[in-house]
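Enquirer: following is a predicted model, sequence given first.
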Amino acid sequence: MHKGEGIDRKLAAELPDVTAESMVDELAAHAKEFVVAGTAAGLAQIPVLAITANDHLAAQTDALVVAINAKGGTRVTAAHLDTDHSYSDRRIALESIVITWLSGLN
């Protein structure tokens, strides 16, 4: 058994009809209720690191970055990694981006 396999089985038993696609569909169906862009004014006041991958969430993150910038945010760092949602083959690159960003915080 792999490290996360037990957790995956438990979640699958508790949420048998939930898939990655159904979660994305739910986010899209409730987009107005789940608007993250409404947080842009507050996020414009602090440093923000936004990292995306090749998944269905990248467009929302990109829109949030645009909204933060539109609210005067000047400390937004955005990065995109050409990989899957769990950054399977780009974890060192992900780590490097986060460490570099953190080292720039004062």
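Expert: Noted; the coordinates are in hand.
Enquirer: what segments of this structure are strands?
Expert: Counting by DSSP state E, the chain has strands at residues 48-52, 76-80.
Enquirer: most tightly packed of the ones you listed?
Expert: strand 48-52 (a mean of 17; mean count of other CB atoms under 10 Å). For the C-beta atoms, the positions are set from N, CA and C on the backbone; glycine is no exception.
Enquirer: now that strand - C-alpha only, PDB.
Expert: Provided in PDB are the C-alpha atoms of strand 48-52 (Å, rounded to 0.1, in the frame of the first residue of the first chain):
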ATOM      1  CA  VAL A  48       1.000  36.900  -2.900                       C
ATOM      2  CA  LEU A  49       2.500  33.900  -4.700                       C
ATOM      3  CA  ALA A  50       0.200  32.300  -7.300                       C
ATOM      4  CA  ILE A  51       1.400  29.100  -8.900                       C
ATOM      5  CA  THR A  52      -0.600  27.300 -11.500                       C
END
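Enquirer: can you list the strands of the chain in TSV and add distance to residue 32 and mean pLDDT?
Expert: Shown next, in TSV, are those (distance: least, CB to CB, whole Å; pLDDT from 0 to 100):
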stretch	distance to residue 32	mean pLDDT
strand 48-52	21	97
strand 76-80	23	97
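Enquirer: could you dump the ones you listed into a markdown table and include distance to residue 95?
Expert: Formatted as a markdown table, those follow (distance: least, CB to CB, whole Å):
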| stretch | distance to residue 95 |
| --- | --- |
| strand 48-52 | 11 |
| strand 76-80 | 12 |
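Enquirer: nearest to residue 66, out of the ones you listed?
Expert: Taking CB to CB, strand 76-80 is the member of these nearest to residue 66, at 9.5 Å.
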